[in-house]
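J.: Let's see this in three dimensions:
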Amino acid sequence: MNNEIEPELRRAVSENEAHRQKAVSDRVEQEANLPDEEEAVREASHLSAKLVYQVVRREGDEELRRPNSSLFWSGIAAGVCISFSVIGEGLFKTYLPETTWLPLLESLGYTFGFLIVIIGRMQLFTENTLTTVLPLFARPSFYNLWCVARLWGIVLGANVIGCFIAAAFIAYMPTFEPEMLASITEISKHATENSAWIGFAKAVPAGLLIAALVWMLAAGEQENFFIIILMTWLIAAGGFTHIIAGSVEMGFLILTGELGLFAGIFGFFIPVFLGNVVGGTLVFGLITWGQVREEVRDASDASKNGTKSR
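T.: Numbers count the residues shown, from 1 in each chain. As a prediction, the model looks like this:
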């Protein structure tokens, strides 16, 4: 028995000594730094993965507690405003000369709607494929699963309603020139013409990129504007499919008679929805949870032990 205990004791002593030496080293370094230098070091330090996880999880907890009406109207606003991604692409396509590099520049217009929605703190379904599932991963229960399903249902439904409102405005109001409508039609057909399997496959990277965007914004970097542009530009430039922005394109084609309702739902909407969820939740969400799980559980156990000792 002693032979089994002694290695553990030596390991514990070594770990305690390493922690002590690190604490002493940090204290000496802080004392040697001038106040301005120490402040600069703190500002330059990045949040750890565990702290970023805590930021995203707490935001998810807050979203899950929001009233249904708040989620609904915020989702409507997001669905309407995301249409500026399609409009932005249409503007570039209509008024720029046809060149081999036009798709790369045209994809910049795709970022417009996301900038409005994300900076405006509106409810976008694909953001919630990460934000609201982290609390579920941390505290799995049927109640939390119901809370996530409730929020997803309300936000997704509201987003789609907002998208169809925007699509009807584009299709029926005399707002855009015929050349612009032709560009939007071409862009929309390109986004929805894939088979169900290809649509699903193209939706997985889009879901992952939006989840990564949420994670990066939670890290507290100051370049949020450029991070949103970069990540959403990648979605368009890569030809990936996004369920909400794509719903504007789907809705526009359905309302103008270019796409059947059955084909729109089963050929585009459902496969892209599933692909975004797989990319945002099953891929990025589980990887994210995996990298912080042990740290979170260790901190929780330490907190419980500290509470019991008091």
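J.: secondary structure element for the closest residue to F269 other than its chain neighbours?
T.: What sits nearest to F269 in space, not counting adjacent residues and going by C-beta to C-beta, 6 or more residues apart in numbering, is M250, at 6.4 Å. To be clear about C-beta, it is placed using only N, CA and C from the backbone, and glycine gets the same treatment. If you go by DSSP states H and E, M250 is part of helix 243-255.
J.: neighbours around L96, how many?
T.: 13 (other C-beta atoms under 10 Å).
J.: Any figure for the gap between the spatially closest residue to it that is not a sequence neighbour and A212?
T.: Of all residues not flanking L96 in the chain, L102 sits nearest, at 5.9 Å (C-beta to C-beta, 6+ apart). L102 sits at a distance of 27 Å from A212 (criterion: C-beta to C-beta, to the nearest Å).
J.: swap in R58?
T.: As judged by C-beta to C-beta, R58 and A212 stand 19 Å apart.
J.: Which of the two has more residues huddled nearby?
T.: The neighbour count for R58 versus A212, taken as other C-beta under 10 Å, is higher for A212 (18 against 14).
J.: Was I right to think the more buried one contacts M231?
T.: Yes: in this structure A212 lies within contact range of M231 using C-beta atoms under 8 Å: 6.6 Å.
J.: where do the strands sit along this structure?
T.: With DSSP state E, there are no strands along the chain.
J.: what number of residues lie near E223?
T.: If we define neighbours as other C-beta under 10 Å, then E223 has 10 of them.
J.: quick one: contacts for it?
T.: Going by C-beta atoms under 8 Å, 6 or more residues apart in numbering, E223 touches no other residue.
J.: Touching stretch 104-111 from outside, list them.
T.: 85-93, 96, 228-229, 232-233, 235-237, 245.
J.: how about a cut-off of 7 Å?
T.: Residues outside stretch 104-111 that contact it (C-beta atoms under 7 Å, 6 or more residues apart in numbering): 85, 88-89, 91-93, 96, 228-229, 232-233, 235-237.
J.: Which members of the residues you listed are the farthest-apart pair?
T.: Using C-beta to C-beta, the two most remote members of the contacts of stretch 104-111 are L96 and I228, lying 22.4 Å apart.
J.: returning to what we had before: what is the mean pLDDT for the helix holding M250?
T.: Taken as a whole, helix 243-255 has a mean pLDDT of 97.
J.: That one - contacts with which helices or strands?
T.: helix 83-95, helix 125-131, helix 142-172, helix 178-192, helix 270-277 (3 or more C-beta pairs under 7 Å, 6 or more residues apart in numbering; DSSP states H and E).
J.: which other residues reach it?
T.: With C-beta under 7 Å, 6+ apart, helix 243-255 has contacts from 79, 82-83, 85-86, 113, 124-126, 159-160, 163-164, 166-168, 170-171, 184, 187-189, 191-192, 203, 259, 261, 264, 268-269, 272-273, 276.
J.: of these, buried ones?
T.: With neighbours counted by 16 or more other C-beta atoms under 10 Å, these contain buried members at 79, 82-83, 85-86, 113, 124-126, 159-160, 163-164, 166-167, 170-171, 184, 187-188, 191-192, 203, 259, 264, 268-269, 272-273, 276.
J.: give me every residue that touches L261.
T.: Counting by C-beta under 7 Å, 6+ apart, L261 makes contact with I254.
J.: any idea how far it lies from S85?
T.: As judged by C-beta to C-beta, L261 and S85 stand 23 Å apart.
J.: Hmm, G275 and A203 touching each other?
T.: Yes: contact criterion C-beta atoms under 7 Å: A203 and G275 qualify, at 2.5 Å.
J.: shaky segments in the stretch 51-200 of the chain?
T.: For the stretch 51-200 of the chain, no stretch has pLDDT under 70.
J.: Repeat that for the stretch 201-310 of the chain.
T.: Judged by pLDDT under 70, the stretches of the stretch 201-310 of the chain that qualify are 220-222, 296-310.
J.: show me where it has helices.
T.: 224-237, 243-255, 261-262, 270-277, 286-309 (DSSP state H, counting those that start in this stretch).
J.: looking at these, which is closest to G199?
T.: Among the helices of the stretch 201-310 of the chain, helix 270-277 comes nearest to G199, with 4.2 Å by C-beta to C-beta.
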